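Undergrad: Just the structure for this:
(chains A, B, C and D)
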Protein chains: 2
Amino acid sequence: MSQEGVDLDKSLGYLLKEASSALRAAMEEVLRPLGMSVTHYACLELLAQRPGLSNSELARGAFVTRQTMNVLLRSLERDGDVTRPAEAPVGKVLPTRLTPRGRRRLEQATAAVRSVEVRMLAGMTESDQADAFRILKGMVHSLRDSTASS
Amino acid sequence: MSQEGVDLDKSLGYLLKEASSALRAAMEEVLRPLGMSVTHYACLELLAQRPGLSNSELARGAFVTRQTMNVLLRSLERDGDVTRPAEAPVGKVLPTRLTPRGRRRLEQATAAVRSVEVRMLAGMTESDQADAFRILKGMVHSLRDSTASS
DNA sequence: CAACGTATGTCAGGATACTGACATGAGTCA
DNA sequence: TGACTCATGTCAGTATCCTGACATACGTTG
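TA: Numbers count the residues shown, from 1 in each chain, chains lettered A, B, ... in the order given. Predicted coordinates for the structure are as follows:
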């Protein structure tokens, strides 16, 4: 009756965490000289792609809570990287937008992050990337559905 | 010259984070009724597979700092799930081992976590799993090497 | 219209993890 | 042997993030 447990060396979940952790560490490293964190960068990138995103939407996109994103947005606003209207145009949602300065900051960060992604993708064929994409998307879908149903 | 940035919807890095985040959330959810966190579980699982691991080694394996693992081990020791010798047999390393109680706790946790992994693997073929394994391992390798070299 | 459920922004409090630093022990090399 | 480097366990302080809670605003549904 040897309860073998989950062999971590062969666990896809462990490997997933390992890869994510390594990616985050690599990103933090190249972002640090710019005075930015990964969450910082994620926020700016989200705003570049979808201007006018609200605090809560940014939080979900960057995998943090509303409160955490709130303090981050305050500092970004203080530094002049983003702007939010003093009062909500509709409802309570304060649509956030990048300033030109924020856009420049994002450009620097994007260059740094891109170098990391190039490293990460090194050794992967096109079809590998496509496979990874398809598989990861499936995993997210399976986990999300089940999590919500419990 | 539209600086397009990295389209997050098509970024493998973002998807990796998303998958890892979803997995962690799902694990926290099934572990909470047992009064355990993911780090908790990772520590016990590591000890089951490699008895006698040191504090620092456990920390690396669970992706936290030595200090964090230290306080976790104290609580585990207090609860009687693990044991450490009062004095180091050699050097400063205190080899940690599971107690029978810890082993039982781990068994419960393993069952819970296994259900999550089953959900995650649902919809993945055998060859998908093999591909995911190979690709993730390659990513970790690429990132680790480059990170260390900078 | 009114009541309900949902989502948002924000505040306060507490838990958690990290950075920095120190002393100790082991291994290496001249 | 002695100086050097490295890794470990631990302590203190700080930063970070989360949980809980509240008031507000919108959409729906009776």
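
Undergrad: looking at chain A, which helix or strand is least sure?
TA: helix A:126-149 (a mean of 84; mean pLDDT, DSSP states H and E).

Undergrad: other SSEs contacting it?
TA: Other elements packing on helix A:126-149 under the criterion 3 or more C-beta pairs under 8 Å, 6 or more residues apart in numbering or on different chains; DSSP states H and E are helix B:12-31, helix B:100-121, helix B:126-149. Where C-beta positions appear, they are placed from N, C-alpha and C, glycine not excepted.

Undergrad: what packs against the shortest one?
TA: Under the contact definition 3+ C-beta pairs under 8 Å, 6+ apart, helix B:12-31 sits against helix A:12-31, helix A:100-121, helix A:126-149, helix B:38-49, helix B:100-121.

Undergrad: tilt between the fourth one and helix B:100-121?
TA: Computed with axes from the mean of the first three to the mean of the last three C-alpha atoms, to 10 degrees, the direction of helix B:38-49 lies at 110 degrees from that of helix B:100-121.

Undergrad: okay, helix B:38-49 in CSV with CA atoms only?
TA: Listed next in CSV are the C-alpha coordinates belonging to helix B:38-49 (Å, rounded to 0.1, in the frame of the first residue of the first chain):
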residue,chain,number,x,y,z
VAL,B,38,-0.4,25.2,-1.5
THR,B,39,3.0,25.9,0.1
HIS,B,40,2.0,23.7,3.0
TYR,B,41,1.2,20.8,0.7
ALA,B,42,4.2,21.3,-1.5
CYS,B,43,6.4,21.0,1.6
LEU,B,44,4.8,17.8,2.7
GLU,B,45,4.9,16.3,-0.8
LEU,B,46,8.6,17.2,-1.1
LEU,B,47,9.4,15.5,2.2
ALA,B,48,7.5,12.4,1.2
GLN,B,49,9.6,12.0,-1.9
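
Undergrad: close to DNA strand C, is it?
TA: Yes: contact of helix B:38-49 with DNA strand C (C-beta under 7 Å from any atom of the strand) involves residue B:39.

Undergrad: got the buried residues for that helix?
TA: Buried residues in helix B:38-49, defined by neighbour count with 16 or more other C-beta atoms under 10 Å in any protein chain shown: B:38-48.

Undergrad: any idea which helix or strand comes after it?
TA: Next helix or strand after helix B:38-49 toward the C-terminus (DSSP states H and E): helix B:55-62.

Undergrad: counting contacts, what elements does that next one pack onto?
TA: helix B:38-49, helix B:66-78.

Undergrad: What about residue A:74, how many residues nearby?
TA: 12 (other C-beta atoms under 10 Å in any protein chain shown).

Undergrad: Need phi/psi at the nearest residue to residue A:141 once chain neighbours are set aside.
TA: Once flanking residues are discounted, residue A:141 sits nearest to residue B:123: 7.9 Å by C-beta to C-beta, 6 or more residues apart in numbering or on different chains. Phi and psi for residue B:123, reported as degrees, to the nearest 10, are phi 90, psi 0.

Undergrad: How many residues are close by residue B:123?
TA: With other C-beta under 10 Å as criterion, residue B:123 counts 12.

Undergrad: residues touching the residue of chain A found nearest chain B, list them.
TA: For chain A and chain B, the shortest gap (C-beta to the nearest C-beta) falls at residue A:20, measuring 3.7 Å. By C-beta atoms under 8 Å, 6 or more residues apart in numbering or on different chains, the contact set of residue A:20 is B:16-17, B:19-20.

Undergrad: Any regions of chain A where pLDDT drops low?
TA: Judged against pLDDT under 70, the low-scoring parts of chain A cover residues A:1-9, A:88-89, A:145-150.

Undergrad: about what we covered before: export the helices and strands packed on helix B:55-62 to a markdown table and tack on distance to DNA strand D?
TA: Formatted as a markdown table, those follow (distance: least, C-beta to the nearest atom of the strand, whole Å):
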| stretch | distance to DNA strand D |
| --- | --- |
| helix B:38-49 | 12 |
| helix B:66-78 | 4 |
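
Undergrad: Figure out which of the helices and strands packed on helix A:126-149 is closest to DNA strand C.
TA: With C-beta to the nearest atom of the strand as the measure, helix B:12-31 is the member of the helices and strands packed on helix A:126-149 nearest DNA strand C (10.5 Å).

Undergrad: Could you check that closest one against DNA strand C for contacts?
TA: No: judged by C-beta under 7 Å from any atom of the strand, helix B:12-31 stays clear of DNA strand C, getting no closer than 10.5 Å.

Undergrad: and that helix with helix B:126-149, angle?
TA: 110 degrees.

Undergrad: Now the phi/psi pair for residue A:93, please.
TA: phi -70, psi 130.

Undergrad: okay but it is in contact with residue A:54, surely?
TA: Yes: contact criterion C-beta atoms under 8 Å: residue A:93 and residue A:54 qualify, at 4.4 Å.
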